[in-house]
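> Compute the structure for the input listed below.
(one chain, ligands or ions: 2)
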Amino acid sequence: MAQLGGTPVLIMREGTERQRGRDAMSNNIAAAIVIAEAVRTSLGPMGMDKMLVDQFGDVVITNDGATILKEIDVQHPAAKMMVEVAKTQDSEVGDGTTTSVILAGELLKRAKKLIEQKIHPTVITEGFRKAADKAVEILDGMSIKSGIDDEKGLLDSAMTCMSSKIVSESKEKLAKICMDAIKAVAEKNEDGKWLADIEKVQIQKKAGESIDDTSLIQGIILDKEVVSPGMPKFVKDAKILLLQSAIEIQKTEFDTKLQITRPEQIQEFLDEEEKMIRTMVEKIVKSGAKVVICQKGIDDLAQHFLSKADIMVVRRVKKSDIEKLSKATGGMIYTNLDDITEDKLGWAGLVEERKIMNDSWIFIEECKDPKSVVILIRGGTDLVVDEVDRAIHDGLCVVRDVVEDEKLVGGGGAPEVETAIQLRKYASSLGGREQLAVEVFADSLDIIPKTLAENAGLDQIDTLMKLRAAHQQGNKFAGTNLDNGDVINDMSSVGVVEPTVVKVQAIKSSTEASSMILRIDDVIASAKSAMPPGMPPGGPGGMPPGMGGGGMGGMGGLPPGMM
Ligand code: ADP
Ligand code: MG
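Ligands and ions are numbered 1, 2, ... in the order given. As a prediction, this is how the structure comes out:
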């Protein structure tokens, strides 16, 4: 609201909530820290799990930072930005979500102290940016080489990533599955660089049996069954016909009346229909196909004839699955039975219907294209299966990261401590206020080894001191082995390693988010549209909690005269 000769001039819509300067900033920082605190206890292999219950009562039990933040319904705009940090981290590299959020929280906490010392936010964010650039350089410099041929490196990084999950007891088996899957889909591009697209790894889930029964299958799984019990359930060396059209007589679009004058005419009519179906089936038999996978329906009579010809038929398969099958088996997708030629049929070493719990699924294995792989996830209950799914997703991402980036660092707080030490040296070369910001950045990194220690019941300060001493002596991978609480000089010797890109991305996304929050000095929240009667003031759609006493929602309840 501005003043013009004593008359108030309304610039923003009535009810707009506004917070400025220090208030806006400390409010935003406070909200962001709350989010960081929420995930703090889940960091590392000794971290605790969270049970999240949504408004429908559905339960998720997880330890995954990104999932925790995805499930909790955050209202505050700055808190939402922290949730974005986890999302970015997850989509870019697939791991390190908790780390990045904790780091962003710590950066903000410490930046607040600098602001209180009258250092301008822009100076701080500039210092943070410099520190982040330098940190990336340091991380790259301390990395060891790995890549698709370094099986130990791939397995270790997948296991490290899964050791912090509920499924950690099966991490060896799951890590091997992740590695094999990524190796199967990895491809070299023209520049000789390895690329692996995790989307190419199909995932199927089914509760039952145990986590250790999770398996990697070379091929494709369809959650369908063979149409008729008389058909074979097991075909080896299978020629496969992929069909997009139905095997039935096309119905006309409009009703037709048939005048029957003699009883034999009905029979003739039926005979004619049978003949047409028989011709269709004969075309299939002649093509040499032993398996038919059809996107549409199949006439009962056709099923009968196909079954007699010992052909396995699966119907109503999703278009996307037919397309995948076409790639995997090298078969053409047909729409017209007249066009089929034997050489364009697909091929797989084995097509089999198997019972998984109460359902029958079709397994198409040993396909022509070895790049088609499926991970069939098993586990005691749906909750377990879902958590295995998340762990496998992270494992696949981590293996991909190493395959593509070919760099590893030791874990257990090692990269953070090393980067902090080198950053402090760099800071002293800068001088001035920026030096302060870079130092604060370095101090913030210590939150990771500290939190890892805290969550394992170790003394934070004691651990940090031991770590620093080890690093000062030149052990760049000195970290805390949380399996026994010891500080050891080389985390890679106990197989605790992480992809460098995960650490690099955590630095980048946390710096970006904290800088963005630090640069805000004005929060203007427009009035939300009127809420239905009966809603509590400040309820859904109201101002985010924590934003200035009740906010707009509360004002909605005032009588008109008071505005
Ligand atoms: P994030 O979501 O950030 O990946 P996690 O809960 O997965 O968080 O924890 C990752 C951290 O745990 C990393 O810093 C990693 O080095 C550390 N870590 C994992 N396993 C071990 C271990 N056995 N000993 C020490 N640190 C470990
Ligand atoms: Mg992790």
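> contacting residues for the spatially closest residue to Val60 that is not a sequence neighbour?
In space, and not counting its chain neighbours, Val60 is closest to Leu52: 4.7 Å by CB to CB, 6 or more residues apart in numbering. From N, CA and C alone the C-beta is placed, and that goes for glycine too. Neighbour list for Leu52: Val59, Val60, Ile61, Thr62, Ile68, Glu71, Ile72 [criterion: CB atoms under 8 Å, 6 or more residues apart in numbering].
> so what pLDDT did the nearest residue to the last one once chain neighbours are set aside get?
Setting aside the residues directly before and after it, Ile72 is nearest to Leu52 in space (CB to CB, 6+ apart), at 6.6 Å. Confidence at Leu52, expressed as pLDDT, is 76.
> Assign Leu52 to helix, strand or coil.
Secondary structure, DSSP: H, G, I helix; E, B strand; the rest coil: Leu52 is strand.
> Next one: it from Thr67, what distance?
Leu52 is 8 Å from Thr67, where distance means CB to CB, to the nearest Å.
> By proximity to ligand 2, which residue of the chain wins?
Asp95 (4.4 Å; CB to the ion).
> Identify the residue spatially nearest to Lys239, adjacent ones excluded.
Leu345 (4.6 Å).
> Now do the same contact list for that neighbour.
Contacts of Leu345 (CB under 8 Å, 6+ apart): Lys239, Ile240, Leu241, Ser287, Gly288, Ala289, Gly331, Met332.
> JSON lines for the residues you listed, including pLDDT and neighbour count?
Below are these laid out as JSON lines (pLDDT from 0 to 100; neighbours: other CB atoms under 10 Å):
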{"residue": "Lys239", "pLDDT": "94", "neighbour count": "18"}
{"residue": "Ile240", "pLDDT": "94", "neighbour count": "27"}
{"residue": "Leu241", "pLDDT": "94", "neighbour count": "26"}
{"residue": "Ser287", "pLDDT": "91", "neighbour count": "19"}
{"residue": "Gly288", "pLDDT": "91", "neighbour count": "13"}
{"residue": "Ala289", "pLDDT": "93", "neighbour count": "26"}
{"residue": "Gly331", "pLDDT": "92", "neighbour count": "25"}
{"residue": "Met332", "pLDDT": "93", "neighbour count": "15"}
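> Select from the residues you listed every entry located in strands.
Lys239, Ile240, Leu241 (DSSP state E).
> Just the buried subset of the contacts of Leu52, written out for ChimeraX, thanks.
Those of these that count as buried under 16 or more other CB atoms under 10 Å are selected in ChimeraX with:
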select :60,62,68,71
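> Mind checking which of the contacts of Leu52 land in helices?
Among those, the members found in helices (DSSP state H) are Ile68, Glu71.
> just the contacts of Leu52 now: which is nearest ligand 1?
Set against ligand 1, the nearest of the contacts of Leu52 by CB to the nearest ligand atom is Ile68 (9.5 Å).
> Which strand residues bridge the nearest residue to that closest one once chain neighbours are set aside?
Once flanking residues are discounted, Ile68 sits nearest to Lys50: 5.2 Å by CB to CB, 6+ apart. Lys50 has these beta-bridge partners by DSSP bridges: Thr62.
> Lys50 contacts Ile61, correct?
Yes. Assessed by CB atoms under 8 Å, Lys50 is found in contact with Ile61 at 7.3 Å.
> Where does the prediction get shaky in the stretch 1-150 of the chain?
Regions of the stretch 1-150 of the chain meeting the criterion pLDDT under 70 cover residues 1-5, 8, 10, 12, 14-15, 21.
> Spell out which parts of the chain neighbour ligand 2.
Residues of the chain lying close to ligand 2 by CB under 5 Å from the ion are Asp95, Cys161.
> Can you report how many residues neighbour whichever residue of the stretch 101-250 of the chain sits closest to ligand 1?
When distances are taken as CB to the nearest ligand atom, the stretch 101-250 of the chain reaches nearest to ligand 1 at Ser164, 3.4 Å away. Other residues near Ser164 come to 24 when the count uses other CB atoms under 10 Å.
> so it makes contact with Gly44?
Yes. Under the criterion of CB under 8 Å, Ser164 is in contact with Gly44, at a separation of 5.6 Å.
> what domains does the record give for this structure?
Domain segmentation of the chain under automatic domain parsing yields 10-145+410-518, 151-218+378-405, 223-369.
> ok, back up a step: give the contact list for the residue of the stretch 101-250 of the chain closest to ligand 1.
Contacts of Ser164 (CB under 8 Å, 6+ apart): Ser42, Leu43, Gly44, Pro45, Gly47, Asn63.
> PyMOL command to pick out the buried ones of the residues you listed?
Here is the PyMOL command that selects only those of those that count as buried (16+ other CB under 10 Å):
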select buried, resi 42+43+44+45+47+63
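> number of nearby residues for Ile166?
Neighbourhood size, Ile166 [other CB under 10 Å]: 18.
> To clarify, my last question referred to Thr341.
So Thr341, with other CB under 10 Å, has 10 neighbours.
> do Val34 as well
Neighbour tally, Val34, other CB under 10 Å: 16.
> Helices of the stretch 451-563 of the chain, residue ranges please.
460-472, 500-518, 551-555 (DSSP state H, counting those that start in this stretch).
> closest one to Thr7 among the ones you listed?
helix 551-555 (22.2 Å; CB to CB).
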